[in-house]
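Colleague: Predicted model, plus sequence, below.
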Amino acid sequence: MRGLLVCWSLLLMGLPVTVSGERSQDFGDYVVHFNALGTRLLPPEITSAYNIQRSPYQGLLNVAVLRRVLGTTGEPVIAEVSGTITNLTGQQSRVSPREIREGTAIYYIDTFRINHEDMLDFDLSVRPQGETQPLQVHFRQQFFID
């Protein structure tokens, strides 16, 4: 059961952005992968295993940081991840993702509230271990409730 979220996340990250919402940003030595999706898209066994509420009104933020290593897809890196989510009316909430480690994978998840047709701005500060300056990630995503 422990590898389910990693497998599901990797599956989502491998899908086209229009389907999964996965994105990445290149910072030279590091690549930050991030996605946000409604928790209803996750299978019940994953939400149960990671104590995530599966709801049409709950979103999940997933962040992973990889250090570039020649000849590989990258090396997972421990990082401090924090930030804010802001809706179009200016309401803001803080994110403080929890770290998940499975095998060699390291990623950070947090949940947040969503409403139908919410357009949310994510402003994340990601500081890889050993670095003094955080990497700034910004993305906007709209959510729909079925």
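Modeller: Perfect, thanks for sending it.

Colleague: When you work out contacts or count neighbours from here on, use the C-alpha atoms and nothing else.
Modeller: Noted.

Colleague: centroid residue for the protein?
Modeller: Nearest to the mean C-alpha position of the chain, by CA atoms, centre = their mean, lies Asn62 at 1.7 Å.

Colleague: Please identify the helix or strand for that one.
Modeller: strand 58-67 (DSSP states H and E).

Colleague: Just checking: what are the partner strands of the helix or strand just after that strand?
Modeller: Downstream of strand 58-67, the next assigned helix or strand under DSSP H and E is strand 75-76. Strand 75-76 sits in its sheet next to strand 58-67 (antiparallel), going by DSSP bridges.

Colleague: Now do the strands in the protein.
Modeller: For the chain, the strands defined by DSSP state E cover 23-26, 30-38, 58-67, 75-76, 79-87, 92-95, 98-102, 105-113, 119-128, 135-142.

Colleague: could I get those as JSON lines with mean pLDDT and distance to Ala49?
Modeller: Formatted as JSON lines, the strands of the chain follow (pLDDT from 0 to 100; distance: least, CA to CA, whole Å):
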{"stretch": "strand 23-26", "mean pLDDT": "94", "distance to Ala49": "25"}
{"stretch": "strand 30-38", "mean pLDDT": "95", "distance to Ala49": "17"}
{"stretch": "strand 58-67", "mean pLDDT": "96", "distance to Ala49": "14"}
{"stretch": "strand 75-76", "mean pLDDT": "96", "distance to Ala49": "22"}
{"stretch": "strand 79-87", "mean pLDDT": "98", "distance to Ala49": "22"}
{"stretch": "strand 92-95", "mean pLDDT": "96", "distance to Ala49": "21"}
{"stretch": "strand 98-102", "mean pLDDT": "94", "distance to Ala49": "12"}
{"stretch": "strand 105-113", "mean pLDDT": "96", "distance to Ala49": "13"}
{"stretch": "strand 119-128", "mean pLDDT": "98", "distance to Ala49": "26"}
{"stretch": "strand 135-142", "mean pLDDT": "97", "distance to Ala49": "26"}
